Structure formats: C-alpha cells, structure tokens
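A.B. asks: A structural model of the following input is requested.
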Amino acid sequence: MPSVSGASVTDMNWSSALIVAGIGVIAVVVGGLLTMLCFRVVDRGQQLTQHHSTGEDESGEPDDAEQPDDEHSVQAAASTLRGGAWIGALERLAIYSGLLIGWPEAIAIVLAVKGLGRYPELKNGNNSAVAERFIIGTFVSVLWACGCAGLTHWLIN
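C.D. replies: Sure, this is the predicted structure:
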C-alpha cells in the first residue's frame, strides 16, 4: 500500500488526513494565484524596461494607461497558451500527490507530458514571451507544489 510520510494510508489519523487535504487545496489554489502574481511582476518589469528604453517616462514610473507591446508581454502570451490555469492546477495536484505517496518520479512524468503537450505552441511561436510564460509558470507551479508537499511531510512526521 502507498505510504504518506512512512505510515500506511489506512493507518493515517484524521488530523493527518486533514493536513494532507488542506495543504493539497492550498497547493492547487494558492499556487495558481502565486503564478498569476509572478506573471504580473514580470509584465510590470517589462513595462518599466520599455518605458526606460523609449525615454517616455523619465520619473521611472510607468504610465498605467499604456500596456506593454503585445509581442513582448508575458500576459499577452496567455492567449497562445490556452488552458494554462487548468493545466497548472492539475500539474500541482499530480506533483503534490506523487511526492506524498513517495513517488518523486511524478515530477519528471508531469513535466515531460506538459512539455510534449505544449511543444507545438512553443515551437511555432515567434514570440519569446510564450516560452517565457511557459517556463515561469512551470517553475513557480512545481516549486510551490514541492514546497507544499515538504510542509505536509514535515507536519505529519
């Protein structure tokens, strides 16, 4: 039988089950919000860089009315990588679950499936923001799921 933190799944008490479920929800839901926050930070940095390179704003503050050029915006790349929020949630759930049952190979399988599934969009796009969005989203998502699994493991033991 698979194990969670060295104990049989059937031997797990209610408090451990609540910890696993609660942090699992946090891994999936908060991970998505954290990923979106990272995309906003990256877009804001690109917006500041564009304003400084064009000399439009000497104060260093971006004009909120202006948006980054669509070809360079990580946020605009979301239209190419449709379904990213659902894929990310499933990715975090699979990695969190895999690590808790003692199967770290789940990380490699999830990343391989995700990379192969997104390969056509990444290959055909002349837009580097699409690849950037894919990499940033994947790193944030995987690191968050691993951190949540580590926290769960630590709390249960």
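
A.B. asks: and the nearest residue to Gly31 once chain neighbours are set aside, what helix or strand is that in?
C.D. replies: Nearest in space to Gly31, with sequence neighbours left out and distances taken as C-beta to C-beta, 6 or more residues apart in numbering, is Trp144 at 4.1 Å. Every residue, glycine included, has its C-beta placed from N, CA and C. Element membership for Trp144 (DSSP states H and E) is helix 128-156.

A.B. asks: by contact count, what packs against that helix?
C.D. replies: On a contact count with 3 or more C-beta pairs under 8 Å, 6 or more residues apart in numbering; DSSP states H and E, helix 128-156 meets helix 14-54, helix 84-100, helix 105-124.

A.B. asks: for burial, what's the neighbour tally of Trp144?
C.D. replies: Applying the criterion other C-beta atoms under 10 Å, we find 23 residues in the vicinity of Trp144.

A.B. asks: in stretch 131-147, what counts as buried?
C.D. replies: For stretch 131-147, the neighbour count (16 or more other C-beta atoms under 10 Å) marks 131-134, 136-138, 140-142, 144-146 as buried.

A.B. asks: which residues touch it?
C.D. replies: Identification of contacts with stretch 131-147 by C-beta atoms under 8 Å, 6 or more residues apart in numbering yields 27, 30-31, 34-35, 38-39, 42, 74, 77-78, 81, 84, 88, 91-93, 95-96, 99, 107, 110-111, 114, 118, 122, 125.
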